[in-house]
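Visitor: With the sequence up front, the predicted model follows.
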Amino acid sequence: MHRNNGINTHRWRRQQRWLLTCLAGIISILFAELLLSACAPLPSPDQGAPEEMIDKAAAQATAIIQQAEATALAVKARAEATALLAQAQQQATALSAGGAGANRQATPTAAQQSPGSVPGLTAIPAGTSTVAAQEMAATQTPQPQLSGYAAVQATYGPDAVQLLKVSLAANGQYIYIQYLAPPELAFYWNQTVVSVEDLETGLIYAEVPFMPLIGALFNKPAHPGQPGYVMVLNLPTPLDYGAHVKVRLGGYEWEDVIVEE
């Protein structure tokens with residue numbers, strides 16, 4: 001009996017040692033995995049986000065875009081509704097005012113008929129003689145506003161352009177015209193503002209040749225004091241040196257110009 005108890009005790013101790021050994025092994029494995037996971041390097045931002053993060057970010061971006069579109073539509077609709085309401089209120093106010101003051105607006109007031117209401121005019125004092133009133137009205141006549149080339153031309157006056165020379169070029173194939181003009185004035189010129197008229201035959205030469213690599217043979221000054229030139233074809237009847245011509249350039253004319261050698 002005592003012998004059987006000893007055998008059982010020995011078996012139980014051996015099983016206990018085996019269980020402890022297995023448990024120690026499992027704990028060692030878990031501890032090793034814990035150390036590996038703790039020592040593993042963190043993922044770099046350059047390595048990209050996981051798919052779950054990408055999907056989540058895409059969903060958030062889609063929601064933001066939809067919300068922005070809805071907000072923009074609401075703002076636009078609110079602005080259109082406000083504009084329509086303001087327009088309706090203005091029309092209603094105009095109709096009400098028009099019905100109440102139709103008789104007053106049918107006849108212009110004295111202030112509306114007075115020359116003083118016109119910009120640039122002064123009312124003629126009462127008691128002024130007829131001759132004095134006519135002279136005053138003539139001096140107060142508003143001048144038309146010029147723009148573009150006409151305004152620039154009026155600024156520089158009739159002597160702004162100088163004709164320097166009229167000659168022949170390329171063995172007489174072209175009529176060469178050299179001039180001096182302000183760059184702001186010559187800026188508006190093109191091939192249609194130049195012509196040469198033979199005073200003897202009445203022929204007019206006005207075709208500006210166009211070269212493939214150069215363009216139109218019309219050189220404009222780039223800065224004040226720089227001369228420019230333009231050429232026209234010497235056809236159909238060529239002019240010769242010594243011919244008397246009339247030159248037109250940009251609204252300016254020169255009579256009885258001699259073609260120089």
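Guide: Received it, and whenever you're ready, just let me know what you need.

Visitor: all contacts plus neighbour counts: C-alpha atoms, from now on.
Guide: Noted.

Visitor: Please save the CA atoms from stretch 169-185 in PDB.
Guide: Output of stretch 169-185 as PDB, limited to C-alpha atoms (Å, rounded to 0.1, in the frame of the first residue of the first chain):
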ATOM      1  CA  ALA A 169      15.000 101.100-103.300                       C
ATOM      2  CA  ALA A 170      15.900  97.700-104.700                       C
ATOM      3  CA  ASN A 171      16.800  98.900-108.100                       C
ATOM      4  CA  GLY A 172      13.600 101.000-108.400                       C
ATOM      5  CA  GLN A 173      11.200  98.200-107.400                       C
ATOM      6  CA  TYR A 174      10.100 100.000-104.200                       C
ATOM      7  CA  ILE A 175       9.300 103.600-103.400                       C
ATOM      8  CA  TYR A 176      11.100 104.400-100.100                       C
ATOM      9  CA  ILE A 177       9.500 106.800 -97.600                       C
ATOM     10  CA  GLN A 178      11.400 107.900 -94.500                       C
ATOM     11  CA  TYR A 179       9.600 109.800 -91.800                       C
ATOM     12  CA  LEU A 180       9.800 111.000 -88.200                       C
ATOM     13  CA  ALA A 181       6.700 110.600 -85.900                       C
ATOM     14  CA  PRO A 182       5.900 110.000 -82.200                       C
ATOM     15  CA  PRO A 183       5.700 106.300 -81.400                       C
ATOM     16  CA  GLU A 184       2.200 106.800 -79.800                       C
ATOM     17  CA  LEU A 185       1.000 108.200 -83.100                       C
END
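
Visitor: Give me the contacts around that stretch.
Guide: 149, 152-153, 160-168, 220-235, 238-240 (CA atoms under 8 Å, 6 or more residues apart in numbering).

Visitor: Out of the residues you listed, which end up buried?
Guide: 149, 152-153, 161-163, 165-168, 220-221, 227-235, 239-240 (16 or more other CA atoms under 10 Å).

Visitor: Just the ones of those in strands?
Guide: Of the buried ones among the contacts of stretch 169-185, the ones assigned to strands by DSSP state E are 162-163, 165-168, 228-233.

Visitor: any chance of those in JSON lines, plus pLDDT and distance to residue 186?
Guide: Listed next are those as JSON lines, based on pLDDT from 0 to 100; distance: CA to CA, whole Å:
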{"residue": "162", "pLDDT": "95", "distance to residue 186": "12"}
{"residue": "163", "pLDDT": "97", "distance to residue 186": "13"}
{"residue": "165", "pLDDT": "96", "distance to residue 186": "17"}
{"residue": "166", "pLDDT": "97", "distance to residue 186": "18"}
{"residue": "167", "pLDDT": "97", "distance to residue 186": "21"}
{"residue": "168", "pLDDT": "97", "distance to residue 186": "22"}
{"residue": "228", "pLDDT": "96", "distance to residue 186": "9"}
{"residue": "229", "pLDDT": "97", "distance to residue 186": "11"}
{"residue": "230", "pLDDT": "97", "distance to residue 186": "11"}
{"residue": "231", "pLDDT": "97", "distance to residue 186": "15"}
{"residue": "232", "pLDDT": "97", "distance to residue 186": "17"}
{"residue": "233", "pLDDT": "97", "distance to residue 186": "21"}
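
Visitor: Put together JSON lines for those residues, with distance to residue 198 on each row.
Guide: Putting those into JSON lines (distance: CA to CA, whole Å) gives the following:
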{"residue": "162", "distance to residue 198": "20"}
{"residue": "163", "distance to residue 198": "17"}
{"residue": "165", "distance to residue 198": "16"}
{"residue": "166", "distance to residue 198": "12"}
{"residue": "167", "distance to residue 198": "13"}
{"residue": "168", "distance to residue 198": "14"}
{"residue": "228", "distance to residue 198": "22"}
{"residue": "229", "distance to residue 198": "19"}
{"residue": "230", "distance to residue 198": "17"}
{"residue": "231", "distance to residue 198": "15"}
{"residue": "232", "distance to residue 198": "13"}
{"residue": "233", "distance to residue 198": "13"}
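
Visitor: Pick out whichever of those sits closest to residue 260.
Guide: Residue 260 has its nearest neighbour among those in residue 167, at 4.9 Å by CA to CA.
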